[in-house]
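Student: Compute the structure for the input listed below.
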Amino acid sequence: MLNLIYFLTGCLIMYLIIIIKNYFIRKSNLHEIKKVYNELYDNLINNMVIFNNRIDDLIILNTNLANCGKVEIIIYLNKSDIFILQNDVTLFDSKLIDLDLTNKIRQKIISDYKLDINNTIEINGMIFNKNEYDIRSAELYNKILSDFNNSNPYINDIVNESESQNIKHEYNLNDILDKINKIGYNNLSYYEKEFLKNIKKE
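Tutor: Numbering: from 1, shown residues only. Sure thing, here's the model as predicted:
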């Protein structure tokens, strides 16, 4: 019977130690998380946060944090949470810090990046940041053009032959020679010079 009491007392003491240990670990973690969000706020004040994109109500920004390196800051316009991500993994969530600090950060972001947040374009009911959309559209256009040119190795030959034929029909050798006498060879247009080069080849 005495052994059972010792055993139960030992279990109770171990349970209390685990609870106390977890309390201090959680308190330490909360202190670290608050420290990170304070650093984020300092970065905002010191203009060390860069607006990245807006997709619907999601705002994405970038900054560097001392212990993490480059991170993404995610806020939603219709929610109070602020997430800190790295490589698409959530490192920190503002639910664990006090609301005053969260609100200060949100207000600073919305105030400082108001023009970027409101510079939007709507496509099929979705809202995008216009600058980011323009960049992505240009990249897509260039990729399509590059893929098209690379898919047909004879495309440049076809274009050059077509231009060459157009040059022959548009210009007259005597007219170009007169023009050279008046304004000089360097002032000829690209196509006039190409016309002369083609004449030499023939």
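
Student: From the contact counts, what lies against the helix or strand encompassing Tyr191?
Tutor: Using DSSP states H and E, Tyr191 maps to helix 190-201. Contact partners of helix 190-201 among helices and strands, from 3 or more CB pairs under 8 Å, 6 or more residues apart in numbering; DSSP states H and E: helix 155-170, helix 173-183. Yep, even glycine has a C-beta here, placed from its N, CA and C like the rest.

Student: Lowest average pLDDT across these?
Tutor: Sorting those by mean pLDDT places helix 155-170 lowest, at a mean of 52.

Student: so Tyr113 makes contact with Asn52?
Tutor: No: between Tyr113 and Asn52 there is no contact under CB atoms under 8 Å: 9.9 Å.

Student: Report the contact partners of the nearest residue to Ile180 once chain neighbours are set aside.
Tutor: Residue nearest to Ile180 in three dimensions, not counting chain neighbours: Leu188, with 6.9 Å by CB to CB, 6 or more residues apart in numbering. Applying CB atoms under 8 Å, 6 or more residues apart in numbering, we find Leu188 in contact with 176, 179-180, 196.

Student: Any idea what Met126 is bridged to?
Tutor: Residues in a beta bridge with Met126, per DSSP bridges, are Ile123.

Student: do you know how far it is from Leu58?
Tutor: Distance, Met126 to Leu58, by CB to CB, to the nearest Å: 11 Å.

Student: which one of these two has more residues nearby?
Tutor: Leu58 (14 against 10; other CB atoms under 10 Å).
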